[in-house]
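**Student:** Can you look at this prediction? I've put the sequence above it.
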Amino acid sequence: MKKTMKKMLAMLLAVAMVGVMLFGCGNSGNSGGSDSAGDKGDAAEDGEKTYKVAVLIAGLNAYFEATREGANQAAEEYGLELTFYDGGWDAETQLSQMEDCITLGYDIIALAACDAEGIVPGIEAAKEAGIPVVTFTNAVGSDESGMVDGVVSFVGQNEVTTGKLCAQMAENLLGEEGGKVVCLEGVAGTFCQIYRAKGFEEGIEGTNIEVVYSQVADWSKETAMSIIEDCISSGLEFDLVFCQDDGMAAGAGQALEEAGLKDKVKVIGIGGSKDGFKAMEDGLIDGDTFMSAVEEGHTAIEVCNKYLTGEEVPERTELVQVEVTLDNMGDFEPEW
């Protein structure tokens, strides 16, 4: 009987060891699905450590799919292991994911925040745990620099500058006479929603352009259509719609087209997406911008790798939106 018990115990221990081997080096789970790039495991064949990077995105949309593509390309180049977390555009969810990443002991966190202020406690906790944070796309904090204690670097555009670019585009479209503007903004509380609006407002100072109505449309084409339909039915007079992305711009343009007003009202978008470029070709959008989302994702992970390998990284790596018109559309390739 004792021999039989010893054999059974030995078998159980063997099964347990196999379980550790199978699951001990796997990717951490998350609420939004994940994939990873880099196949070296915890240690490369040459003995170098494979760094594990948590990539927290604000929510699922076409833009973040493009940044994810660039991030995965960089991870393959540098031999990093990425795990993606989808915040679902919910500040509490993303903060909880941040806490999970700290517990799991990632080497670095790449963060595109759902809420500029709501995620700050998570960044503070990461710093206390010795985990650096690189922000990208959506910066954090209450200062337009997007830098808070615990963030080692930010990769993305200057949102105030982008807003001012759109103000200049509006001035060009409306001329010296100016006009009345409806502003459709992204998800409330995101850094880009706050500071694109600020840049546009600063950009129209001293002109004859007046913002008569502003509303968040949550980056949604359908929501933008509904808001513009309501503006039209209410009798609100306006000459231009400024949208903080070109998905919303396409929706605004479609609503104006269906109401027979598109020839009277101009529409500006941001982003240079496939839908945005198509809407420009169809006459629904009058001005757009372009910045590479793939490059943004790639650069964010490249900065993570530099930090992890001891290279000096800049506090900010700024990417720039450029104006797109029907005349120069052919110079750009939409990515999302």
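**Tutor:** Thanks, I have the structure now.
**Student:** can you pull out the helices in the stretch 101-250 of the chain?
**Tutor:** Ranges of helices in the stretch 101-250 of the chain, per DSSP state H, counting those that start in this stretch, are 120-128, 159-174, 191-203, 221-233, 246-258.
**Student:** In JSON lines, list the ones you listed along with mean pLDDT.
**Tutor:** Converted to JSON lines, the helices of the stretch 101-250 of the chain look like this (pLDDT from 0 to 100):
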{"stretch": "helix 120-128", "mean pLDDT": "98"}
{"stretch": "helix 159-174", "mean pLDDT": "98"}
{"stretch": "helix 191-203", "mean pLDDT": "97"}
{"stretch": "helix 221-233", "mean pLDDT": "98"}
{"stretch": "helix 246-258", "mean pLDDT": "97"}
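**Student:** Tell me which of the ones you listed is the most buried.
**Tutor:** helix 246-258 (a mean of 26; mean count of other CB atoms under 10 Å). In short, each C-beta sits where N, CA and C put it, glycine included.
**Student:** Check which element follows it along the chain.
**Tutor:** Sequence order places strand 266-268 as the next helix or strand after helix 246-258, per DSSP states H and E.
**Student:** Run through the neighbouring helices and strands of that following strand.
**Tutor:** helix 159-174, strand 240-243, helix 246-258 (3 or more CB pairs under 8 Å, 6 or more residues apart in numbering; DSSP states H and E).
**Student:** mind putting the helices of the stretch 101-250 of the chain in JSON lines, distance to Gly87 included?
**Tutor:** JSON lines is the format used below for these (distance: least, CB to CB, whole Å):
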{"stretch": "helix 120-128", "distance to Gly87": "11"}
{"stretch": "helix 159-174", "distance to Gly87": "19"}
{"stretch": "helix 191-203", "distance to Gly87": "14"}
{"stretch": "helix 221-233", "distance to Gly87": "19"}
{"stretch": "helix 246-258", "distance to Gly87": "19"}
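**Student:** Looking at the ones you listed, spot the one closest to Val267.
**Tutor:** Val267 sits nearest to helix 246-258 of all those, at 4.6 Å, using CB to CB.
**Student:** so that closest one versus helix 221-233, what angle?
**Tutor:** Between helix 246-258 and helix 221-233, the angle comes out at 40 degrees (axes from the mean of the first three to the mean of the last three CA atoms, to 10 degrees).
**Student:** got the contact list for helix 246-258?
**Tutor:** 62, 182, 184, 186, 217, 219-229, 232, 241, 243, 262, 265, 267-273, 275-276, 278-279, 283-285, 288 (CB atoms under 8 Å, 6 or more residues apart in numbering).
**Student:** Now do the end-to-end distance for stretch 169-184.
**Tutor:** End-to-end distance for stretch 169-184, by CA to CA, to the nearest Å: 16 Å.
**Student:** Would you mind checking which helix or strand in this structure has the lowest mean pLDDT?
**Tutor:** Sorting the helices and strands of the chain by mean pLDDT, DSSP states H and E puts helix 2-23 at the bottom, at a mean of 34.
**Student:** one step back: filter the contacts of helix 246-258 down to just the buried residues.
**Tutor:** 62, 182, 184, 186, 217, 219-221, 223-225, 227-229, 232, 241, 243, 262, 265, 267-273, 275-276, 279, 284-285, 288 (16 or more other CB atoms under 10 Å).
**Student:** follow-up on the earlier one: which among the helices and strands packed on strand 266-268 is found nearest to Cys101?
**Tutor:** The closest of these to Cys101 is helix 159-174. By CB to CB, the value is 25.3 Å.
**Student:** Tell me the predicted confidence for the one residue sitting closest to the centre of the chain.
**Tutor:** In the chain, the residue lying closest to the centroid (CA atoms, centre = their mean) is Thr137, at 4.3 Å. Thr137 is assigned 97 on the pLDDT scale.
**Student:** nearest residue to it other than its sequence neighbours?
**Tutor:** Ala112 (4.2 Å; CB to CB, 6 or more residues apart in numbering).
**Student:** ok, now which ones touch the one you found?
**Tutor:** So Ala112 contacts 56-58, 64, 67, 135-138 (CB under 8 Å, 6+ apart).
**Student:** Out of those, flag the one nearest to Cys192.
**Tutor:** Asn138 (6.0 Å).
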